[in-house]
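S.K.: pasting the structure only:
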């Protein structure tokens, strides 16, 4: 789980050929985001807003922001 303002590295070997899902911190009371993100999309649009449904279905979904940070000089990642 990623805490607010925290960083998490995704191995390129896992992220490049597959889609990834981002989990909010478990203490927030939200499920994993529904949208699976492709690495190429994350590189094209490095700032993403993702929606996560509340565990309590009476509560609305919340939006979180995810940022892609990578070495723009390293052509192997894009």
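M.R.: Cool, the structure landed. This structure is a prediction, so every number in the text was calculated from the model and none was measured. Numbers count the residues shown, from 1 in each chain.

S.K.: Next, the buried residues of the lowest-mean-pLDDT helix or strand in the chain.
M.R.: Comparing helices and strands within the chain by mean pLDDT, DSSP states H and E singles out helix 12-15 as the least confident, with a mean of 80. For helix 12-15, a neighbour-count test (16 or more other C-beta atoms under 10 Å) marks residue 15 as buried. C-beta: built from backbone N, CA, C; applies to glycine.

S.K.: Need the residues that contact that helix.
M.R.: 20, 39, 42, 76-77 (C-beta atoms under 8 Å, 6 or more residues apart in numbering).

S.K.: Go again with 10 Å.
M.R.: 9, 20, 37-40, 42, 68, 70, 74, 76-77 (C-beta atoms under 10 Å, 6 or more residues apart in numbering).

S.K.: Put together a markdown table for those, with neighbour count, secondary structure and distance to residue 55 on each row.
M.R.: Output for the contacts of helix 12-15, formatted as a markdown table (neighbours: other C-beta atoms under 10 Å; DSSP: H, G, I helix; E, B strand; the rest coil; distance: C-beta to C-beta, whole Å):
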| residue | neighbour count | secondary structure | distance to residue 55 |
| --- | --- | --- | --- |
| 9 | 7 | coil | 27 |
| 20 | 14 | strand | 21 |
| 37 | 19 | strand | 21 |
| 38 | 14 | strand | 26 |
| 39 | 20 | helix | 28 |
| 40 | 11 | helix | 31 |
| 42 | 21 | helix | 26 |
| 68 | 17 | coil | 27 |
| 70 | 14 | coil | 32 |
| 74 | 9 | coil | 38 |
| 76 | 7 | helix | 38 |
| 77 | 14 | helix | 34 |
